[in-house]
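Novice: Here is my input, please return the structure:
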Amino acid sequence: MKYLKKFRVLIFGLLAYLTLVFFLYLVEAGAESANIHSFMDAIWYSIVTLTTVGYGDFFPVTSVGKIIGIAFVIGSLGLLGLLIGKAVERFNEIQEKRKMGLNGTDFSNHIVIIGWNDFSREVVKQLRNSDRRVAIVTEQKDQIDLIYGSFGKDDVFVLFSDWRDTSNFDKLNLEQASVVFVNLPNDTDNLIAMLNVKKVNSKVDFVVALESSDLRDTFFSAGCTHVLSKNAIAARLIASYTYEPDVAMFANDLITSTVYNEESEFDIQQYRITSSNPFANQTFGHAFHTLKQKHNVIAIGICKTQNGTRELIKVPQDDTVLEVGDYLILILNGKTEIEIVREFGIKEGV
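Specialist: Model (predicted):
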């Protein structure tokens, strides 16, 4: 119905225009000293006038012709205003579409966050400290500018969309994502969102923050990689502050990402062992002592993957061999992180 109305207006306007051009031709063609002698001359004059080009090669000489000419001049102002308005409207539509993320992103090996709140914001802060790219899905349009204002646009992408609308998932480049963090207000929504993402990328790892820790097994059965309870984590840390505050402060510092090149900031990081890593096929004991002496970095664990299952070995025996594909877990600061990245030839993380 909307398009039919526009079509009718277009047809009416075209007929009105052709009628004026025809009358202009009629009154001018036989006039003395007239220079509009044909219907095409009248059309040419009208187009030149309406587009405000104004060559002056054709012009009306009769009174009626001049009145019609005035109509074309007034019409040219309206046409110019319409064209400028449409151009501005189109430009605003393009800007709004880009702002809402509807053009998509070409990020790869990035983190996708579904659901935006204060907890998500803190997670993004830590991810950006680790130089990870992040794509965010939010239903809060007023948060888009705030997110970009806090984190910039180079390494953070925001998609304004209902998380239930899976047709927009292609804008997130989910096929190239490394991890999806689901952080919605309730656990039922978290489960539904996770299953919807799995339809697009069944191999991606999932991290879900639960309200109820009783549902951990349910999420693991559904294919979730890591299931966390925000209340349980907070409770453990708070309880630790009550009777061993120094340990709690140390633990809190370690789980916070380091600031680049900052010597006083410590963090726990993991690095994949590649074939070019100096400790590939070496023992954990050799890596431990070398890293401590050379960089003052402490190795505390290894993660091995066998048949798709990850095995975390805490404080491994000295004779444990570091194989290609394993992850070496280290305690280091922001300055030594630069040295480790240079020596290992790879950034932290999976």
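
Novice: Would you map the helices across the stretch 51-200 of the chain?
Specialist: For the stretch 51-200 of the chain, the helices identified by DSSP state H, counting those that start in this stretch occupy 63-99, 118-129, 144-151, 187-200, in order along the chain.

Novice: Which strands and helices lie in contact with the second one?
Specialist: Taking 3 or more Cβ pairs under 8 Å, 6 or more residues apart in numbering; DSSP states H and E as contact, the helices and strands that helix 118-129 lies on are strand 111-114, strand 134-138, helix 144-151. C-beta: built from backbone N, CA, C; applies to glycine.

Novice: Looking at the ones you listed, which is nearest to residue 98?
Specialist: helix 144-151 (10.7 Å; Cβ to Cβ).

Novice: Name the residues of the closest one that come out as buried.
Specialist: Buried residues in helix 144-151, counted by 16 or more other Cβ atoms under 10 Å: 144, 147, 151.

Novice: What of stretch 342-350?
Specialist: 343, 344, 348, 349.

Novice: Show the model's pLDDT score for the last one.
Specialist: Just to be clear, that refers to residue 349. At residue 349, the pLDDT value in this model is 78.

Novice: if I look at the residue nearest to residue 184 when sequence neighbours are not counted, how far off is residue 125?
Specialist: Nearest residue to residue 184, sequence neighbours excluded (Cβ to Cβ, 6 or more residues apart in numbering): residue 115, at 4.3 Å. Using Cβ to Cβ, to the nearest Å, we find residue 115 at a distance of 16 Å from residue 125.

Novice: Pick out whichever of these two has more residues nearby.
Specialist: residue 115 (20 against 14; other Cβ atoms under 10 Å).

Novice: Run through the residues that contact that one.
Specialist: Residues in contact with residue 115 (Cβ atoms under 8 Å, 6 or more residues apart in numbering) are 137, 138, 163, 182, 183, 184, 185, 193.

Novice: where does the stretch 151-300 of the chain have low pLDDT?
Specialist: Across the stretch 151-300 of the chain, the ranges flagged by pLDDT under 70 are 256-264.

Novice: Please repeat the previous calculation with a cut-off of 50.
Specialist: Applying pLDDT under 50 to the stretch 151-300 of the chain flags residues 261.

Novice: just the strands in it please.
Specialist: Along the stretch 151-300 of the chain, counting by DSSP state E, counting those that start in this stretch, strands occupy 156-160, 179-182, 205-210, 226-229, 266-272, 298-306.

Novice: would a markdown table of those with distance to residue 99 and mean neighbour count be doable?
Specialist: Listed next are those as a markdown table, based on distance: least, Cβ to Cβ, whole Å; neighbours: other Cβ atoms under 10 Å:
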| stretch | distance to residue 99 | mean neighbour count |
| --- | --- | --- |
| strand 156-160 | 8 | 23 |
| strand 179-182 | 23 | 23 |
| strand 205-210 | 27 | 21 |
| strand 226-229 | 32 | 17 |
| strand 266-272 | 34 | 20 |
| strand 298-306 | 40 | 16 |
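
Novice: looking at those strands, which is closest to residue 53?
Specialist: Using Cβ to Cβ, the nearest of the strands of the stretch 151-300 of the chain to residue 53 is strand 156-160, at 42.2 Å.

Novice: what packs against that closest one?
Specialist: The helices and strands touching strand 156-160, judged by 3+ Cβ pairs under 8 Å, 6+ apart, are strand 134-138, helix 144-151.

Novice: measure residue 43 to residue 126 for me?
Specialist: Noted for residue 43: a distance of 67 Å to residue 126, by Cβ to Cβ.

Novice: can you put the strands of the stretch 151-300 of the chain in JSON lines and add distance to residue 24?
Specialist: What follows is the strands of the stretch 151-300 of the chain, written out as JSON lines (distance: least, Cβ to Cβ, whole Å):
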{"stretch": "strand 156-160", "distance to residue 24": "51"}
{"stretch": "strand 179-182", "distance to residue 24": "66"}
{"stretch": "strand 205-210", "distance to residue 24": "71"}
{"stretch": "strand 226-229", "distance to residue 24": "77"}
{"stretch": "strand 266-272", "distance to residue 24": "78"}
{"stretch": "strand 298-306", "distance to residue 24": "82"}
